[in-house]
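[1] What follows is a predicted protein model with its sequence.
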Amino acid sequence: MPEEKNAKNKIKKVSDGFPGRYWHKEGDKIQCDICPRFCRLNEGQRGLCFVRARQNNQMVLTTYGRSSGFCIDPIEKKPLNHFLPGVPILSFGTAGCNLTCKFCQNWDISKSRQFDKLQSKASPAVIANVALKTNSRAVAYTYNDPVIFMEYAVDTARACRELGIMNVAVTAGYICPDPRKEFFSYMDAANVDLKGFTETFYKTLCTARLESVLDTLKYLKHDTGVWIELTDLLIPGENDSPREIERMSKWIVKNLGSEVPIHFTAFHPDYKMLEKSRTPPSTLLMARKIALHEGIKYVYTGNIHHKQTASTWCHNCGELVIGRDWHQLLGWHIKVRGDGVASCKSCGEHIPGVFEKKPGNWGRKRVPIRIR
């Protein structure tokens, strides 16, 4: 594919590359085994993600310790609505991506081929300490997919756990089984971007395979204790048909259960899909209605201002559980026991997720920070 060929550029400077894991020799090439692309590299080449490269006959990660920036966000921005609501979360990413999504909303970072995007340098220990000092309850590996900077993410997550800081992955879930096991063993929560529900969509717009993402979702649900929520960016004419949303919802209920929340979010024209129109709110509301009808209990909308569908409602009695306006909490009508089990104050119905007795009060602030 043209993108794949162009991405495998000669390395200019990777003398400081960090030794990468999950690769093997394949004849005179080395094969990266992080994701199902299985890029095979000659000396001095990068994989499609651009940040995993071959140097001195081994795989190296060229972005270890280097970030495209740090920001303290509301955790609802990840988006996570059932994981420590209201708390601040320290977010960062690097550069590059192992998907080629033509609709990428963070393309200036994820599609970056310039290392001048990586202005901030920070070791895992420094990031963990900054999270602690800023009262961030968790660190989010986001902006670009943490799968491709796995070694940096895992080391940071390990340092965070030593200080009682939780870890959140915002990912497309395009990762092989062995690295997947290691990576998610250090994560406490994940928002997985389920970009569509046909192989044609993944192949045409992402040059990837849906089945690999579904395998990751089933693994997370059945083989880990990671709290998961899903995001589906609805693009007009591409993945927004009622039939596709119905099929996806049925699959979620059958394979992941009815209590895994999903966020239907609005597309805006970007990157290589500038000709597309914005997703109308009516499409998101239609998708939400279908998902609820098929049995998913917690369905949200995003990238539009709609208090009702941003809020959490008890699926049993219909009362408001957590009110939200954008990322600002407006109401807190749940009871949380000492062991973290939450229930609706009105009827006592269990509310799934990871909660503390009191919500955070970070609000909708987004605060960029510089780490020195």
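    Happy to help now that I have it.
[2] Check the offset of stretch 361-372 from the chain's centre.
    For stretch 361-372, the separation from the chain centroid amounts to 19 Å (computed by C-alpha atoms, centre = their mean, to the nearest Å).
[3] Would you mark the buried spots in that stretch?
    362, 371 (16 or more other C-beta atoms under 10 Å). For every residue, glycine as well, the C-beta is placed using N, CA and C.
[4] average pLDDT for it?
    The average pLDDT within stretch 361-372 is 92.
[5] tell me how far stretch 292-305 is from the chain's mean position?
    That offset, for stretch 292-305, works out to 18 Å (C-alpha atoms, centre = their mean).
[6] Apart from its neighbours in sequence, what residue is nearest Asp325?
    Nearest residue to Asp325, sequence neighbours excluded (C-beta to C-beta, 6 or more residues apart in numbering): Lys307, at 5.3 Å.
[7] Next, the contact list for that neighbour, please.
    Applying C-beta atoms under 8 Å, 6 or more residues apart in numbering to Lys307 gives the contacts 323-325, 330.
[8] Just flag the most distant two among those residues.
    Gly323 and Asp325 (7.4 Å; C-beta to C-beta).
[9] Any idea how many residues pack against the closest residue to His333 other than its chain neighbours?
    Distances taken as C-beta to C-beta, 6+ apart place Lys345 nearest to His333, at 4.8 Å, with adjacent residues excluded. Look at Lys345: counted by other C-beta atoms under 10 Å, it has 17 neighbours.
[10] With Phe197 as the reference, measure out to the closest residue to Glu294 other than its chain neighbours.
    Distances taken as C-beta to C-beta, 6+ apart put Ser249 closest to Glu294, at 3.7 Å, once the chain neighbours are dropped. To Phe197, Ser249 is 9 Å away according to C-beta to C-beta, to the nearest Å.
[11] Neighbours of the closest residue to Ser277 other than its chain neighbours, how many?
    Nearest non-adjacent residue to Ser277, counting by C-beta to C-beta, 6+ apart: Pro236, 5.6 Å away. Pro236 has 15 neighbouring residues, counting by other C-beta under 10 Å.
[12] What of Lys254?
    11.
[13] quick one: buried residues of the helix or strand harbouring it?
    According to DSSP states H and E, Lys254 maps onto helix 242-255. For helix 242-255, the neighbour count (16+ other C-beta under 10 Å) marks 244-246, 248-250, 252-253 as buried.
[14] Just checking: what are the partner strands of the helix or strand following that helix?
    Remark: after helix 242-255, the chain's next helix or strand is strand 262-266, criterion DSSP H and E. Strand pairing for strand 262-266, using DSSP bridges, gives strand 227-234 (parallel), strand 299-302 (parallel).
[15] No further questions, thank you.
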